[in-house]
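Engineer: Need coordinates for the below:
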Amino acid sequence: MPIFIHMIFRLKTTLIISAIVFLCNCNHETSDADGIAVRNITAGVKPDTNHIDPTNEPQLNYTRQGSPVPLKNMFGINAYEWNFEENPGSPNDRKHIYEDNMALIKTFSAVRHYLNWDRMESGNKGDYTFNPVFSGNWTYDVIYERCKQDGILVLADLKNIPDWMINTYPASSRDNDNAPVPYGKSLEDPASYIDQAKMAFQFAARYGYNKSVDKSQVKVVTKKRWNDDIPNQPNIGMGLIKYIECGNERDRWWGGDETHQTAEEYAANMSAFYDGNMGKLGPNAGVKTADPNMQVVMGGLASADIKYVQGMINWCKIHRGYKKDGSINLCFDVINYHLYSNNGDVRTHKRATTGIAPELSNDGSIANDFVKLANSLPQHPEVWLTETGYDINQESYQKAESIGSKTVLQDQADWILRTSLLYIRYGVKRVFFYQLFDDHAGGTTQYATSGLNEGIKRRPAADYILQTTKLMGDYNYIKTISKDPLVDQYTLGNKTMYVLTIPDETGRKGTYTLDLGKAKTANIYHPKAGADAMDKSQVSTVNGKIKIEVTETPVFVEGVLK
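Structural biologist: As a prediction, this is how the structure comes out:
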């Protein structure tokens, strides 16, 4: 969850959010699935000692309203610019993609780019650079063009503050995590955030899709730094970025006063960032001023507290009012939070000691609450989870553990894949894992070893994501037809795939009788560490039914008519 590659010692919550009891008032939809799937867990199975709170269990045979979500949307990753362009064989060449790393990045459907403001405005106030940036010499045009070419969605997370702003603070309180205002400015006034709003305008004008931006408002530093330097050139409407995020974890309760924003203060910040506080900050401030169609994502909340989002909504009612259609004039398009599954409890300040399987955590009920809040708004903003994951080092309170004959890496892979399967059940639209590589290989602190890749090779977690994407990345989640084992139904056109999982962390196994209708045979797929594709076997059905062994590693089943 840290946001700089060297910031592995930053303080972070050792807790997870306690369950927020959500009594869903949605209508159940019945279907033939009620009689299709018959659970038959064997009597000899080890008893489940890790009971799941009912508030964290999915509803059976409930089809969510709205557009269906393809499974590949649950496979995003957090990454930095150096993950794209830092070639160890040519460390000074930052004009080209490092293809070994790009092969790993293409495993994922989306990248959340940790984008430091200081990279683009590192010198004097108002001196903007993008390709290359003056801080680090990275070439963002190259990165974003390649992502678009490879079909990878980019969420640009504009975070932290530049050095020139840090230096306005007293020496004792200089921190790049300070709220994005010069020292002494009111955090409650949208006008205080005008510098960040101007940065957002420049970024959106360049990388958004609006080719009608007023070019006179677009500024870049075009001077050469040395004789053979390639200077920045102004550009507009490049059509490379659709989503931009405002900051990161602005509810950070663990930091100093200058680093924390209340819901109301952050809403003021977002109002400036979103559209220049409804245009009041001038023609060169705000994302929507540059590209009305770019989607603004609120900074991921560390507390996963819907009350914080509700506070922002209330601020918008008062200070931004209502649109002509009667809806609140919100300052965000996507609701965003962070949550790591462990055995802590934020309500009681119970310190976590280990990561836990996602189904045994409060993740389900918390997701339910966020989605319920989003659906209560006329805009129906999407809900995203942009940080989650597990460490492999055994001294971290966010560790995955070795269970039975499985290694820690295999267990991390199980829980990562099951995290994606969990959030799609509850209506979350995108998930981004922390992160592409370890922050500190061999480190012992939390979040230091959460990488899904190592060197130029995938870890099993990335193997499972790649294999699942290849098998059924475009399939849409339809509904869950059994709770234990979990049996999820996905479809793509006239094709159906079932995903079966024991929601536990004890090495428990079971059997399940699955009715595949008129299918004569069934294809069964098992994820395999170290491979590009799942292991596949085929069995004959008996009157369209098969009895299949289910474990804590998801198994995938499809019926074959011929």
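Engineer: C-alpha only now, for contacts and for neighbours.
Structural biologist: OK.
Engineer: Let's verify the residue lying closest to residue 334 once chain neighbours are set aside: helix, strand, or coil?
Structural biologist: Nearest residue to residue 334 in three dimensions, chain neighbours excluded: residue 297, at 4.6 Å (CA to CA, 6 or more residues apart in numbering). Secondary structure, DSSP: H, G, I helix; E, B strand; the rest coil: residue 297 is strand.
Engineer: give me every residue that touches residue 79.
Structural biologist: By CA atoms under 8 Å, 6 or more residues apart in numbering, the contact list for residue 79 reads 111-114, 435-437.
Engineer: Going by neighbour count, which of these comes out on top?
Structural biologist: Counting neighbours by other CA atoms under 10 Å, residue 435 leads the contacts of residue 79 with 27 neighbours.
Engineer: I'd assumed residue 452 was in contact with that one.
Structural biologist: Yes - counting by CA atoms under 8 Å, residue 452 is a contact partner of residue 435 at 6.4 Å.
Engineer: Quickly list what's touching both of those two.
Structural biologist: In contact with both residue 435 and residue 452: no residue, using CA under 8 Å, 6+ apart.
Engineer: can I get the contacts of residue 79 in JSON lines with pLDDT, distance to residue 257 and secondary structure?
Structural biologist: JSON lines is the format used below for the contacts of residue 79 (pLDDT from 0 to 100; distance: CA to CA, whole Å; DSSP: H, G, I helix; E, B strand; the rest coil):
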{"residue": "111", "pLDDT": "98", "distance to residue 257": "31", "secondary structure": "strand"}
{"residue": "112", "pLDDT": "98", "distance to residue 257": "27", "secondary structure": "strand"}
{"residue": "113", "pLDDT": "98", "distance to residue 257": "26", "secondary structure": "strand"}
{"residue": "114", "pLDDT": "98", "distance to residue 257": "23", "secondary structure": "strand"}
{"residue": "435", "pLDDT": "98", "distance to residue 257": "28", "secondary structure": "coil"}
{"residue": "436", "pLDDT": "98", "distance to residue 257": "31", "secondary structure": "coil"}
{"residue": "437", "pLDDT": "98", "distance to residue 257": "31", "secondary structure": "strand"}
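Engineer: So for stretch 531-540, mean pLDDT?
Structural biologist: For stretch 531-540, mean pLDDT rounds to 98.
Engineer: no, scratch that, I was asking about stretch 214-233
Structural biologist: So the average pLDDT for stretch 214-233 ends up being 95.
Engineer: Repeat that for stretch 280-295.
Structural biologist: Mean pLDDT, computed over stretch 280-295, is 98.
Engineer: same question, stretch 509-517
Structural biologist: Average pLDDT, stretch 509-517: 97.
Engineer: Sketch out the strands for the stretch 201-350 of the chain, chain order is fine.
Structural biologist: For the stretch 201-350 of the chain, the strands defined by DSSP state E, counting those that start in this stretch cover 243-246, 295-298, 334-338.
Engineer: Now mean neighbour count too, for these, in TSV please.
Structural biologist: TSV is the format used below for the strands of the stretch 201-350 of the chain (neighbours: other CA atoms under 10 Å):
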stretch	mean neighbour count
strand 243-246	25
strand 295-298	24
strand 334-338	24
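Engineer: pLDDT below threshold where in the stretch 51-200 of the chain?
Structural biologist: Residues of the stretch 51-200 of the chain meeting the criterion pLDDT under 70: 51.
Engineer: Show me where it has its strands.
Structural biologist: 76-79, 110-116, 153-159.
Engineer: before we move on, the earlier item: reformat the strands of the stretch 201-350 of the chain into CSV and put distance to residue 143 next to each item.
Structural biologist: Below are these laid out as CSV (distance: least, CA to CA, whole Å):
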stretch, distance to residue 143
strand 243-246, 15
strand 295-298, 20
strand 334-338, 24
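Engineer: Among those strands, which comes closest to residue 259?
Structural biologist: Of all those, it is strand 243-246 that lies closest to residue 259, at 14.3 Å by CA to CA.
Engineer: Show me the helices in the stretch 201-350 of the chain, by range?
Structural biologist: Taking DSSP state H, counting those that start in this stretch to define them, one finds helices in the stretch 201-350 of the chain at 263-275, 287-290, 306-319.
Engineer: Adding mean neighbour count and distance to residue 240, write the ones you listed out as TSV.
Structural biologist: TSV is the format used below for the helices of the stretch 201-350 of the chain (neighbours: other CA atoms under 10 Å; distance: least, CA to CA, whole Å):
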stretch	mean neighbour count	distance to residue 240
helix 263-275	28	19
helix 287-290	28	14
helix 306-319	18	29
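Engineer: Can you add distance to residue 196 and give the ones you listed back as JSON lines?
Structural biologist: Below are the helices of the stretch 201-350 of the chain laid out as JSON lines (distance: least, CA to CA, whole Å):
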{"stretch": "helix 263-275", "distance to residue 196": "7"}
{"stretch": "helix 287-290", "distance to residue 196": "10"}
{"stretch": "helix 306-319", "distance to residue 196": "19"}
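Engineer: between these, which gets nearest to residue 487?
Structural biologist: Nearest to residue 487 among the helices of the stretch 201-350 of the chain is helix 306-319; the distance by CA to CA comes to 28.9 Å.
Engineer: Work out the gap between the closest one and the centre of the chain.
Structural biologist: Taking the mean of its C-alpha atoms, helix 306-319 sits 22 Å from the chain's own mean (CA atoms, centre = their mean, to the nearest Å).
Engineer: again, but for stretch 149-156
Structural biologist: In terms of CA atoms, centre = their mean, the centre of stretch 149-156 is set 13 Å apart from its chain centre.
Engineer: residues making contact with it?
Structural biologist: Residues from elsewhere that reach stretch 149-156, judged by CA under 8 Å, 6+ apart: 106, 108-115, 144, 147, 241-245.
Engineer: got a list of contacts for the helix or strand encompassing residue 417?
Structural biologist: Per DSSP states H and E, residue 417 falls inside helix 408-425. Outside helix 408-425, the residues that touch it by CA under 8 Å, 6+ apart are 58, 69, 71, 74-75, 357-359, 364, 367, 389-392, 400-403, 431, 459-462, 464-465, 477, 479-480, 529, 552-554.
Engineer: any idea of the mean pLDDT in it?
Structural biologist: In this model, helix 408-425 has an average pLDDT of 98.
Engineer: And for stretch 308-327?
Structural biologist: Over the span of stretch 308-327, the pLDDT mean works out to 97.
Engineer: Contacts for that stretch, please.
Structural biologist: Residues from elsewhere that reach stretch 308-327 (CA under 8 Å, 6+ apart): 262-264, 266-268, 278, 328-331, 335, 377-379.
Engineer: how does it look with 10 Å?
Structural biologist: The contact list for stretch 308-327 (CA atoms under 10 Å, 6 or more residues apart in numbering) reads 251, 262-268, 270-271, 277-278, 298, 301, 306-307, 328-332, 335-337, 370, 373-374, 377-379.
Engineer: how long is it end to end?
Structural biologist: 19 Å (CA to CA, to the nearest Å).
Engineer: try stretch 500-507
Structural biologist: 15 Å.
Engineer: likewise stretch 163-174?
Structural biologist: Distance between the two ends of stretch 163-174: 9 Å, counting by CA to CA.
Engineer: Now that stretch: buried residues?
Structural biologist: Neighbour counts over stretch 163-174 (16 or more other CA atoms under 10 Å) mark 163, 165-166, 169, 173-174 as buried.
Engineer: What is the end-to-end distance of stretch 442-451?
Structural biologist: End-to-end distance for stretch 442-451, by CA to CA: 11 Å.
Engineer: And for stretch 392-400?
Structural biologist: With CA to CA as the measure, stretch 392-400 spans 6 Å from end to end.
Engineer: how about the residue nearest to residue 340 when sequence neighbours are not counted, what does it touch?
Structural biologist: The shortest distance from residue 340 to any non-neighbouring residue, by CA to CA, 6+ apart, is to residue 388 (4.9 Å). With contacts defined as CA under 10 Å, 6+ apart, residue 388 is in contact with 1, 77-78, 337-341, 416, 419, 431-435, 447, 450.
Engineer: With residue 235 instead?
Structural biologist: Here residue 235 is in contact with 202, 205-207, 211, 213, 215, 218-220 (criterion: CA under 10 Å, 6+ apart).
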